[in-house]
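kindly generate the corresponding structure for this input.
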Amino acid sequence: MPTPSRLPEVPRNDIPDLPQGAGLQSLAVTVVVIAALYFGRDIFVPLALATLLSFALTPIISRLRRMHVPRTPAVIFVVIMAFIAILGFGAVVAGQVSQLGSNLPKYQYNIQTKIRDLRANATGGGLIQHASEMLQKLSQEMDEPDETPAGTEAITPDADEPAAPRPIPVQIQQPDPAPFEMLQTIVGPLISPLATGGVVIVFVIFILLQREDLRDRFIRLAGGGDLHRTTQALSDAGKRVARYLLMQLVVNTTYGIPIGVGLWLIGVPNPLLWGMLAIVLRFIPYIGPFIAALFPLALAVAVDPGWSMLLWTGALFLGIELISNNVIEPWLYGASTGLSSVAIIVAAIFWTWLWGPIGLLLSTPLTVCLVVLGEHVPQFSFLHVLLGSQPVLSPQEQIYQRLLAGDPYEATEKAEDYLQEHSLRDFYDVVALPALALVEQDRARGVLDEVRRARVAAGARTLVDNLSDHQDVVVVEEEPDGEPAEAGIVAEETETVAPLVVVTRPGWEEGAILCAGGRGNLDDVASEMLAQLLENDAIGTRTVSFENLSAENYAHLDLDGVQMICLSFMNAESLVHARYLVRRLRRRTSVPILVGFWSLPLVDADRLDLVKTTRADMSATTLAEAVAQIDTWAKVEVTPADPATEEAASPAEADTGGAGGVLAALTPAGWRPALS
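Numbers count the residues shown, from 1 in each chain. Next up is the predicted model:
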């Protein structure tokens, strides 16, 4: 069943379905790629670092190019300055660590004192110490051998027998290492990082110098037949990664500088070291700030004889973290990286397992590239579904899924989230009715039995009832001078005209509109939605079930005071049933009848000519259209009289000369008996 064409488009991700057999092929490719990344990490880690650094440095080089600086000097200058900054950062950190190591023995006494205090103040009067002593004694009793085994006598040495010689202690001393061995011990651990850094420098220079050529070759290799898609993917990946690295660096800097200054004011040693480490460690998702705070907190315990420095340090990290998360990051990021929170955690675990600590630092930007790949390559769309932050289900699909699961209250929560930016009428037309249309589609396909269909209908009725007290927020437009705009008719400058007021016609305030389902319980839910909108529009309604309109029951239907009947249909193929139902109601009343086919596109409605096909008086395909048509019958614009005149007028005069007179004048010909 097609979705109503008159409904506004709902933003969602158009994720293409995978072809048959593509799942196993994608799984095999994924396994091969992971194995290659693991066993070839000595090559891929420098290449990944160089690629990400090139993403970060490309905007700077592009700016220099716009200043007419040749490419080669611009690349060499930017790369040299970047690595000088990195090496300078590392040198400062190494110096601070060396200074901290030389000062650690000074804090030994404070640590021992606090440990003794903790033992003395343990719960239960030294419980920990007593338990430790007891376990130690039991261990000694179990380890000591029995000196006199059972059934034997103790053997004492003979006085005339000479004593056994005592063993001579032997001490093995290693010779002093040779100068070459000492140099190898010192330089050996540094060879691997230096080699990796050199390879990264070479890769960065090569990538930046050959950027256009590498881009063209990648386009030809990845999708030469679809230049638009491949170009969009490369541009999207480059922008997201560059924005992430730049914004994360700015956020981390605004985080680390206050940390360093605050620790200096508190008195924690080496505040420069902890501020710089906070900048670096905050690149690690989620756990980075906790690791950055761990070392200063431990040092505060060792330095301060009391506990005030520890409390101040903890308060500093907590306050800066809250400000950074709730103020700095939302202000600077503007747009997210497109990753969900769970995806960031899973990516951190996966890349750490794959490449170690470097993988942990690179986890977020590398995963961003995978999400971009999933967005633009259909074979890898599952990556976008698993890792992306955008919802993969439209609002109507979310509502339908919750109703299928028998959870109308979570469906209500999603509805309230939607209603924060939209009206109730828009929610019913754009989300709720399309969700019921999905139910009808599944019923027509034979995948939804009557039991589950009844459960969905009951949940939808609960949803409508939960929204019965919702009030839309009315936005009042203001004039340029700041005064609220007033509704009225524009008249001549010398003429004063009272504004017209829209009021409900007499007789339409209570139970004037009979809303009924046409054929099933889903139709009953749709009729309740229409009735709720009309009640909010100050038009009286009452609802009846589709069963009350059956051939056996329609004769007993109470039609007293009914001014109009509205029939709701969720099945677009119920035209014949609607015509029979209208004919049946004509035997009881002559009031106007409106038929609503809420899942029928407007094009099909115009082609079928619903009014002529069903013999009804009006038709609609959206609730907004139905309410607008009913308003033309139930509402009237009047000029409010002077309050003193209204009080003096008699009821008969009010009926002839007030709103009732206007009502009689504006009542469409042919319907006056029904409106009396």
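
what's near enough to touch A578?
By CB atoms under 8 Å, 6 or more residues apart in numbering, the residues touching A578 are 518, 567, 569, 595, 597, 613-614, 616. (C-beta placed from N, C-alpha, C; glycine too.)

and the pLDDT for it?
According to the prediction, A578 has pLDDT 91.

checking it next. Helix, strand or coil?
When classified by DSSP: H, G, I helix; E, B strand; the rest coil, A578 comes out as helix.

would you check how far apart it and A616 are?
Plainly put, A578 is 7 Å away from A616 if you go by CB to CB, to the nearest Å.

anything in contact with each of the two?
When contacts are counted by CB under 8 Å, 6+ apart, the set common to A578 and A616 consists of 567, 595.

the helix or strand I565 falls within packs against which elements?
Taking DSSP states H and E as the definition, I565 sits inside strand 564-569. Using 3 or more CB pairs under 8 Å, 6 or more residues apart in numbering; DSSP states H and E as the contact test, the elements touching strand 564-569 are strand 513-517, helix 521-536, helix 575-586, strand 593-597, helix 623-634.

rerun at 6 Å
The criterion is 3 or more CB pairs under 6 Å, 6 or more residues apart in numbering; DSSP states H and E, and the helices and strands that strand 564-569 contacts are strand 513-517, helix 521-536, strand 593-597.

which one of the ones you listed lies closest to L272?
helix 521-536 (62.9 Å; CB to CB).

could you list the domains of the protein?
The record's domain split for the chain, according to automatic domain parsing, is 39-118+190-209, 395-466, 501-675.

what about the closest residue to A237 other than its chain neighbours, distance to D216?
On the basis of CB to CB, 6 or more residues apart in numbering, the spatially nearest residue to A237 that is not a chain neighbour turns out to be V372, at 4.3 Å. Here the distance between V372 and D216 works out to 19 Å (CB to CB).

tell me which of those two has more neighbours.
Neighbour totals were compared for V372 and D216, and V372 leads with 26 against 12 (other CB atoms under 10 Å).

correct me if wrong: that one contacts S235.
No: proximity of V372 to S235 does not meet the contact threshold set by CB atoms under 6 Å, at 9.5 Å.

low pLDDT regions in the stretch 401-550 of the chain?
For the stretch 401-550 of the chain, applying pLDDT under 70 flags the ranges 473-500.

R71: neighbouring residues, count only.
Considering only other CB under 10 Å, R71 is surrounded by 14 other residues.

err, L463, not the other one
Burial measure for L463: 22 neighbouring residues, criterion other CB under 10 Å.

surely it meets P408?
Yes: under the contact definition of CB under 6 Å, L463 touches P408, with a separation of 5.0 Å.

P269 - that's part of a helix, no?
No: P269: not assigned to a helix; according to three-state DSSP it is coil.

so it versus G256, what's the distance?
Relative to G256, and taking CB to CB, P269 is found at 17 Å.

same question for F295.
13 Å.

and the two? which has more neighbours close in?
G256 (22 against 17).

quick one: which of the helices and strands packed on strand 564-569 is nearest V439?
Taking CB to CB, helix 521-536 is the member of the helices and strands packed on strand 564-569 nearest to V439, at 6.0 Å.

now do the contacts for A411.
Under the criterion of CB atoms under 6 Å, 6 or more residues apart in numbering, the contact list for A411 reads 399, 402-403, 463.

so where does it fall, helix or strand?
Under the assignment here (DSSP H and E), A411 is part of helix 408-419.

kindly report the same for A48.
For A48, the secondary-structure element it belongs to, assigned by DSSP H and E, is helix 41-66.

list the buried residues of that helix.
Within helix 41-66, the residues scored as buried using 16 or more other CB atoms under 10 Å are 41, 44-46, 48-58, 61, 64.

same question, stretch 284-292
Neighbour-count burial for stretch 284-292 flags 284-285, 288-289, 292 (criterion: 16+ other CB under 10 Å).

contacts for it?
Residues outside stretch 284-292 that contact it (CB under 6 Å, 6+ apart): 277-278, 281-282, 321, 344, 348, 360, 364.

now do stretch 205-223
Defining contact as CB under 6 Å, 6+ apart, one finds that stretch 205-223 is touched by 50, 54, 75, 79, 229-230.

now, which of those residues sits nearest T504?
The closest of these to T504 turns out to be R229 (CB to CB; 55.9 Å).

confidence score at that closest one?
Reported pLDDT at R229 in the predicted model: 69.

and the one 10 residues further on, by the same measure?
pLDDT recorded at K239 is 75.

how far away is it from T58?
Plainly put, K239 is 10 Å away from T58 if you go by CB to CB.

try L322
Distance of L322 to T58, computed by CB to CB: 34 Å.

which pair in the contacts of stretch 205-223 spans the largest distance?
When the contacts of stretch 205-223 are compared pair by pair using CB to CB, the farthest-apart members prove to be V79 and R229, with a separation of 31.4 Å.
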